[in-house]
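Need a 3D model of the following:
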Amino acid sequence: MATTFQKCKKDKDEPCTKARCGHAWTVRYREPGGRSGRQREKTFPTKKQAEAHGNQMEADKLSGTYVDPKRGAVPLKAYAQKWMERQHMAPNTEGTYDRAFRLHIYPALGDRLLSSLRPADIEKLGRDMTTAGLTANSVDAYMTPLRAVCKAAVTNGDIGRSPFLGAKLPKLPSKAVDETRLPSGQQVQDIADEFRRDWALSVWLMAGLGLRTGEMLGLRVGDFLDDRVRVRRQVTRGKKGQGLVIGPLKHRHEGDWRDIPLPTNLSQAVAAHVAVYGTGTDGALFQNAATGTLVSTTDYSAAFRKVIKTLGFEWSPHDLRHWFASTALSRGLPLLDVSRWLGHKSINETADTYGHLTPDSTGRAIKVMDVAISQHRAGLVLDEAA
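Residues are numbered from 1 along each chain as shown. Presented below is the predicted three-dimensional model:
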């Protein structure tokens with residue numbers, strides 16, 4: 001058991017004789033392992049604080065959650081940097097994490113000891129981000145790397161509990177897409193008609209295949225097969241001024257791919273596009289006309305916004321991906337297939353975002369159950385009971 005005492009009272013030469021001398025209190029305890037456990041001690045201003053710490057250490061030993069307090073006594077910034085060095089991330093993810101740490105997390109908490117972080121610190125960071133004008137979704141995104149670092153620290157035995165447990169952050173809005181605020185098919189065509197001609201095909205590739213912007217910009221002629229498109233890569237921006245790079249698909253490893261059904265008219269449009277505009281490096285469908293290099297998502301989004309402003313609309317390129325999903329599901333295509341085509345991490349993400357768009361199955365369910373129950377002559381049960 002932990003013992004609490006004042007060292008001044010044990011001074012062999014001049015022990016303190018005052019009952020209330022005001023000297024510090026020390027708590028001494030052993031790490032797990034009985035007598036073989038390393039002896040630890042820590043000093044506090046008051047006896048109450050020392051006893052509370054000793055009781056907590058003993059409780060942690062009994063519950064199996066004991067962590068050496070010194071293991072987490074490292075600045076968050078130093079711990080997070082070493083954690084980043086061990087990770088295997090896609091370039092886009094690594095760049096996003098780097099910006100989150102550099103712009104938000106390190107300025108607020110970088111010098112704090114990892115073991116000292118509490119839920120209140122996480123809540124304050126979230127509040128400061130919100131006050132600075134960030135949305136709840138942005139706050140959640142910027143918190144993701146810090147959450148991952150804290151989880152790794154718990155797993156590694158460097159802290160006993162993540163400061164995110166019990167922390168209240170801005171409530172995330174519903175993921176469900178409002179299909180009434182998406183462009184119609186005619187409006188998608190209007191956007192394509194207004195776009196610069198060598199990029200016009202991109203609008204229907206995103207709307208007709210449900211691609212993310214970076215995936216669309218990474219397409220090559222060889223990705224188009226007879227009846228499907230094999231999406232293999234995305235254009236993304238590397239970290240720390242690395243420039244544009246070709247990276248693996250979101251939620252996927254290098255070399256992973258997914259197939260998406262290729263509408264006949266899109267196949268014909270791709271052939272016509274290549275005949276007129278040719279291809280870039282390695283058969284890329286889209287390129288920067290001035291340099292012949294890859295198109296960045298930033299440049300593409302700027303061109304898209306210009307078109308949208310001209311037409312008086314308020315959509316983003318991602319709304320074309322929503323159009324694909326909402327059209328496919330509202331016309332009866334299976335949720336599982338659509339989830340796979342979209343490249344979602346799990347079907348739950350698809351269901352949360354688009355599940356409300358699936359056709360109402362009430363009428364079909366009634367017919368199915370009527371047939372099934374009739375086969376067992378359920379009506380006779382009531383006749384006999386009467």
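
What segments of the stretch 151-300 of the chain are helices?
185-194, 200-209, 213-217, 264-277, 297-311 (DSSP state H, counting those that start in this stretch).

Tell me which residues are up against the third one.
Residues lying outside helix 213-217 but in contact with it, judged by Cβ atoms under 8 Å, 6 or more residues apart in numbering, are 92, 202, 205-206, 209, 231, 233-236, 249, 286, 294-297, 300-301, 317-318, 343. In this view, the C-beta of every residue, glycine as well, is placed from N, C-alpha and C.

Just to be sure, residue 108 is in a helix?
Yes - the assignment for residue 108 is a helix, going by DSSP: H, G, I helix; E, B strand; the rest coil.

pretty sure it is touching residue 126, no?
No - the criterion here is Cβ atoms under 8 Å, and residue 108 misses it with residue 126 at 10.2 Å.

buried stuff in stretch 25-39?
Neighbour-count burial for stretch 25-39 flags 25-27, 29-30 (criterion: 16 or more other Cβ atoms under 10 Å).

Any chance of JSON lines for the residues you listed, columns secondary structure and pLDDT?
Formatted as JSON lines, those follow (DSSP: H, G, I helix; E, B strand; the rest coil; pLDDT from 0 to 100):
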{"residue": "25", "secondary structure": "strand", "pLDDT": "89"}
{"residue": "26", "secondary structure": "strand", "pLDDT": "92"}
{"residue": "27", "secondary structure": "strand", "pLDDT": "89"}
{"residue": "29", "secondary structure": "strand", "pLDDT": "87"}
{"residue": "30", "secondary structure": "strand", "pLDDT": "85"}
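
Show me which of those is closest to residue 103.
residue 27 (40.4 Å; Cβ to Cβ).

Does the closest one touch residue 50 like I think?
Yes - with contact defined as Cβ under 8 Å, residue 27 and residue 50 form a contacting pair (4.2 Å).

that older thread, between the helices of the stretch 151-300 of the chain, which one is nearest to residue 138?
helix 297-311 (16.4 Å).

So what touches the closest one?
187, 190-191, 194-196, 199, 202, 213-214, 217, 235-237, 288, 314-317.

quick one on the thing from earlier: tell me, what's touching residue 27 and residue 50 both at once?
By Cβ under 8 Å, 6+ apart, the residues touching both residue 27 and residue 50 are 4, 42-44.
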